[in-house]
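Asker: Sharing a model prediction with you, sequence too.
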Amino acid sequence: MHCRFCGNECRIPEGGEGYCGLVGNKNGKMAREKELIASYYYDPHPTNCISEWACPAGGLGHQEYSRCEGTEYGYYNLAVFCVGYSYDCLFCQNWQFREEVRMKPGSKVSDKEFLDAIKESTKCIRFFEGDPSPQLDKITRI
């Protein structure tokens with residue numbers, strides 16, 4: 001079976017799974033969860049912003065997109081950890097996370113739960129750690 005959910009385009013043998021660990025071949029058919037498999041939490045601004053240099057939340061960047069003048073206290077990033085890795089980066093700072101993810105699957109997150117997690121105080125949604133590309137169809141569906 002040929003999987004095309006990420007750039008690896010795995011060829012998965014009967015009873016096997018793709019590199020990400022999320023797609024399997026069961027009786028010649030693709031087997032994968034319908035729901036997004038992830039965990040998430042709310043990260044208050046302006047902490048831990050990856051794009052701080054361009055982020056209006058920290059009082060920098062494109063202030064025309066800010067909800068207030070200066071630092072956006074009282075707002076949050078929705079930090080999402082998607083299960084599954086399609087990469088094997090040589091100098092990965094979180095190399096052990098890839099194996100941990102395969103051993104401890106995340107929770108199934110329904111479309112409704114994910115949409116309900118986006119509150120009025122949510123300024124942005126940030127995907128990190130796990131690689132979202134094997135589940136991109138689920139994320140864009142939501």
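Answerer: That came through, no problem. Numbering: from 1, shown residues only.
Asker: Please make it C-alpha for all contacts and neighbour counts, starting now.
Answerer: Fine.
Asker: after the helix or strand of the chain with the lowest mean pLDDT, next one along is what?
Answerer: Of all the helices and strands that make up the chain, helix 95-103 has the lowest average by mean pLDDT, DSSP states H and E, namely a mean of 59. The C-terminal neighbour of helix 95-103 among helices and strands, as given by DSSP states H and E, is strand 107-109.
Asker: buried ones in the helix or strand that that following strand is followed by?
Answerer: The helix or strand immediately downstream of strand 107-109 is helix 111-117, counting by DSSP H and E. Buried residues in helix 111-117, defined by neighbour count with 16 or more other CA atoms under 10 Å: 111, 114.
Asker: could you dump the helix or strand following helix 111-117 to CSV, C-alpha only?
Answerer: Next along the chain after helix 111-117, taking DSSP H and E as the criterion, comes strand 122-127. Taking C-alpha atoms only, strand 122-127 is exported to CSV below (Å, rounded to 0.1, in the frame of the first residue of the first chain):
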residue,chain,number,x,y,z
THR,A,122,-7.0,32.2,21.8
LYS,A,123,-4.7,34.4,19.7
CYS,A,124,-3.0,31.6,17.7
ILE,A,125,-2.7,27.9,17.3
ARG,A,126,0.8,26.6,17.4
PHE,A,127,1.7,23.0,16.3
